[in-house]
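Student: This is a predicted model, with the sequence first.
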Amino acid sequence: MISDAPHTRPSAEVDDETGTDASSWFTAEVPDIVAGLESSQSIGPLTAAAARELIAVGRARDALALVLGEVDGSWRR
């Protein structure tokens, strides 16, 4: 059941387990996620290139959403 309680996470989105900023995690991890999905051929080279462009301009979350969208779409076919 989803609680009706208001969202109480701090605006900086600090990860409670590691004490790190969530955006730092995305910045550090998403390039490897993209590379892994590309090397396993779960995403195509055009999607990987677009994701890398998003990462380069500081939009790692958007890059992750892009590649996961393609992976999700491939499972639905």
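Tutor: Yes, it's here. Residues are numbered from 1 along each chain as shown.
Student: since we're on Gly44, how many residues are nearby?
Tutor: 14 (other Cβ atoms under 10 Å). For the C-beta atoms, the positions are set from N, CA and C on the backbone; glycine is no exception.
Student: With Val34 instead?
Tutor: 24.
Student: Likewise for Ser42?
Tutor: For Ser42, the count of nearby residues is 16 (other Cβ under 10 Å).
Student: Which of the three states applies to it?
Tutor: Assigned by DSSP: H, G, I helix; E, B strand; the rest coil, the conformation of Ser42 is coil.
Student: Give me the phi and psi angles of it.
Tutor: Per-residue torsions, Ser42: phi -80, psi -20 (degrees, to the nearest 10).
Student: For it, give its distance to Ile55.
Tutor: Using Cβ to Cβ, to the nearest Å, Ser42 is found at 17 Å from Ile55.
Student: Name the residues that touch stretch 29-47?
Tutor: Stretch 29-47 is contacted from outside by 48, 51-52, 55, 60-61, 63-64, 66-67, 70-71, 74, using Cβ atoms under 8 Å, 6 or more residues apart in numbering.
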